[in-house]
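Asker: I'll drop the sequence and a predicted model, then ask my questions.
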Amino acid sequence: MNPDNRHFALETDPPLVVASMPYTQRHRAMALGLVVSILVVSSFLAPFANQQIGRVDSFLPVVQTVMATADLLTATLLFAQYSVQPHRALLIVASGYICAGSFAFLQTLSFPGSYAPDGLIGDVYNTPAWFFVLWYTTFPLSILFYALLKDKGRMSQGSTTANIAITLSIVFVLIALPSWLVIDGTEYLPQFFTTGLMRQTRLSNQFNIGLTILAGFVLLILFVRRRTVLDLWLMVTVFAALPNFLVAAYAGSSRFSVGWYTARGFALIASVTLLSVLIAEMTMLYSRLASALMMQRRERTNRFVSIDAATAAIAHEVRSPLGSITLNADTAQQVLGAKPLRLEELSAILKDIVEASLRVDNTITSIRGLFKHATDKPVTINVENVARQVLRLLQHELQFNGVLVVTDFEDGAPLVRADPVQLQQVILNLIKNAIEAMASMPRDSRRLNIGARVAQDSFVLLSIQDSGTGVPLLDRDRVFEAFYTTKSAGMGLGLAISRTIIERYGGRLVLGDTGPEGSTFEIALPIAKGG
């Protein structure tokens, strides 16, 4: 078995979140264009990187406040992505953006001239530099862990809201403790500036070289493991941060120089660009999902209309002879009570009743034949593909009800022979029953397990397991009976019809394990010859 512990979106299906959306030629061209622009501007301004152009105190608070806001908004969007697809790697990269936004804003508060001549917090010289180090250490490290974990397919367990709350608590502690140290304990830390704000110590250069190496290593890992739109733009963001370190490491006067202003501008552009890309792609995904949902609802409405029209036609065809039978039966009762008894008239009435009964039987037979020949078209199919199609059809309903779907399909499962539409209806009925069975359960415990494997008796076994309350003991032997239902609303035909459909193809539909932890329904279909 090869468990696939993911949501039901396939690699070939439209992705539900931007974090899993493969990048296209358009995305790559945009990212490459921005990188080339950074390289061209950097090459043009490199000879002037050390040149002072004047101290503009309003530059840093404006740029880094916008940058911090963009980073925190990006983290919010990533948490929203996580709530749809709870991948642990998304929590890590979202945490990195919170750290980046927080340390960027704290550096702005401590930077001399931003909001006060000597800054609002910390000392004048080294607190801003330490916030810079914290900023560009935590963010690349979070991206590195994201790059290493993103393809492992590990989903978080439990409530997504609780996981986000726990992550935020841990991140705030990781921000608060080092912030307190660099604000109130600067004298105990290594010094980056000793003779003024314009000259750095050798230690500062060493730190910037280390940050450059770290960013380069993260960039390399991302490049090797790149796959999604998020991967691509994280590469651009990390690349745009490199001028900050290079300017600080190799320029003699790091602050208020051409290189210093340019590097901060690049970081701002990258931060805002990633946010813009996420918003644009999420809007596009929402538009596609909304269109698909509207088409699905329209198709469902059309089916209901068709069923209503067919039902009306059947009722009309059956009601007429039934009315005739009723009328003739009443007349026969009157004739039997008459004296003398009119046998010829009674014989004619009974003949009419027989003819009306035959018309009803012919109507039912023709309707059954019509549906049988119109829909029963068995072909060789893959059970897994049909199950995933049903999951896509019920995608909105599953998300609305907070159901986590876990699939477990055996690699290279044999094919079966059945009508794909009817098999789809059977699986759809079982999944909808599972959703209803879990309606009374807490949202974070609603779990639907769907798996397929080959049984020892040459059957493909598809199991659908819910985490509901289970089938009551008294109902277990009757759930497949026609017109028997445990629901407050319903005719009790779904499971009966489903079993009839499966048995038509030589298979069986049974209720497996059931109890307080949930129920398991199993569909067994014989392996197709040559499959």
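Answerer: All right, it came through fine.
Asker: what bridges to Ala452?
Answerer: Phe409, Leu462 (DSSP bridges).
Asker: Can you get me a residue count around it?
Answerer: Residues within reach of Ala452, counting by other Cβ atoms under 10 Å, total 21. C-beta: built from backbone N, CA, C; applies to glycine.
Asker: And Ile497, by the same measure?
Answerer: Burial of Ile497, expressed as a neighbour count using other Cβ under 10 Å, amounts to 15.
Asker: Next: Ser357.
Answerer: Using other Cβ under 10 Å as the criterion, the residues surrounding Ser357 number 14.
Asker: And Phe79, by the same measure?
Answerer: Phe79 is flanked by 21 other residues according to other Cβ under 10 Å.
Asker: So it: helix, strand or coil?
Answerer: The local conformation at Phe79, judged by DSSP: H, G, I helix; E, B strand; the rest coil, is helix.
Asker: residue contacts, it?
Answerer: 90-91, 94, 164 (Cβ atoms under 8 Å, 6 or more residues apart in numbering).
Asker: And it, what's its pLDDT?
Answerer: Per-residue confidence for Phe79 comes out at a pLDDT of 91.
Asker: do the same with Leu275
Answerer: Predicted confidence (pLDDT) at Leu275: the value is 89.
Asker: most remote residue from this structure's center?
Answerer: In terms of distance from the mean C-alpha position of the chain, Pro340 ranks first, at 81.0 Å (Cα atoms, centre = their mean).
Asker: And what about that one, helix, strand or coil?
Answerer: When the structure is reduced to helix, strand and coil (three-state DSSP), Pro340 reads as coil.
Asker: same question, Glu522
Answerer: Glu522 is classified as strand under three-state DSSP.
Asker: Now do it, the pLDDT please.
Answerer: Among the per-residue scores, Glu522 shows a pLDDT of 91.
Asker: Please tell me I have it right and it contacts Gln465.
Answerer: No: in this structure Glu522 lies outside contact range of Gln465 using Cβ atoms under 8 Å: 9.2 Å.
Asker: who has more neighbours, those two?
Answerer: More neighbours sit around Gln465 than around the other of Glu522 and Gln465, counting by other Cβ under 10 Å; the figures are 22 against 18.
Asker: separation between the more buried one and Ser440?
Answerer: Separation of Gln465 from Ser440 (Cβ to Cβ, to the nearest Å): 17 Å.
Asker: Among the contacts of Phe79, name the ones in helices.
Answerer: Using DSSP state H, the subset of these located in helices is 90-91, 94, 164.
Asker: Can you tell me how far Ala452 is from Leu391?
Answerer: For Ala452, the distance to Leu391 - Cβ to Cβ - is 13 Å.
Asker: now the strands for the chain?
Answerer: Using DSSP state E, the strands assigned to the chain run over residues 379-381, 404-409, 416-418, 447-454, 459-465, 508-515, 518-526.
Asker: Among those strands, which comes closest to Met294?
Answerer: strand 404-409 (22.6 Å; Cβ to Cβ).
Asker: Any chance of JSON lines for the strands of the chain, columns distance to Asp361?
Answerer: Conversion of the strands of the chain to JSON lines gives the following (distance: least, Cβ to Cβ, whole Å):
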{"stretch": "strand 379-381", "distance to Asp361": "32"}
{"stretch": "strand 404-409", "distance to Asp361": "45"}
{"stretch": "strand 416-418", "distance to Asp361": "29"}
{"stretch": "strand 447-454", "distance to Asp361": "41"}
{"stretch": "strand 459-465", "distance to Asp361": "36"}
{"stretch": "strand 508-515", "distance to Asp361": "29"}
{"stretch": "strand 518-526", "distance to Asp361": "32"}
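Asker: And Gln25, how close does it get to Leu232?
Answerer: Gln25 sits 11 Å away from Leu232 when distances are taken as Cβ to Cβ.
Asker: Can you tell me the number of residues neighbouring Thr186?
Answerer: Taking other Cβ under 10 Å as the criterion, the count of residues near Thr186 is 20.
Asker: From here on, call the first residue 54.
Answerer: Yep, numbering from 54; the last one is Thr239 now.
Asker: my read: it touches Val177, true?
Answerer: No: when contacts are counted by Cβ under 8 Å, Thr239 is not listed as touching Val177 (10.0 Å).
Asker: In the stretch 154-303 of the chain, what residue spans correspond to helices?
Answerer: 179-202, 213-237, 255-277, 282-303 (DSSP state H, counting those that start in this stretch).
Asker: what is the mean pLDDT for the first one?
Answerer: For helix 179-202, mean pLDDT rounds to 91.
Asker: From the contact counts, what lies against it?
Answerer: In terms of contact count using 3 or more Cβ pairs under 8 Å, 6 or more residues apart in numbering; DSSP states H and E, helix 179-202 is assigned the packing partners helix 141-163, helix 213-237, helix 255-277, helix 282-303.
Asker: quick one: the last one to helix 141-163, angle?
Answerer: Spelled out, that is helix 282-303. Between helix 282-303 and helix 141-163, the angle formed by their directions is 40 degrees, by axes from the mean of the first three to the mean of the last three Cα atoms, to 10 degrees.
Asker: Off-centre distance for helix 282-303?
Answerer: Here helix 282-303 is found 29 Å from its chain centre; the criterion is Cα atoms, centre = their mean, to the nearest Å.
Asker: again with the longest one
Answerer: Helix 213-237 sits 27 Å away from the centroid of its parent chain (Cα atoms, centre = their mean).
Asker: mind listing what Asp204 touches?
Answerer: Neighbours of Asp204 in contact, by Cβ under 8 Å, 6+ apart: 278, 280.
Asker: give me that answer again for 7 Å
Answerer: Listed by Cβ atoms under 7 Å, 6 or more residues apart in numbering, the contact set of Asp204 reads Arg278.
Asker: same question, Ala72
Answerer: Taking Cβ under 7 Å, 6+ apart as the definition of contact, the neighbours of Ala72 are 134, 138, 143, 281, 283.
Asker: Flag the least confident of those.
Answerer: Comparing pLDDT over those singles out Gln138 as the least confident position, at 81.
Asker: what pLDDT does the closest residue to that one other than its chain neighbours get?
Answerer: Residue nearest to Gln138 in three dimensions, not counting chain neighbours: Val70, with 4.8 Å by Cβ to Cβ, 6 or more residues apart in numbering. With respect to pLDDT, Val70 has a value of 72.
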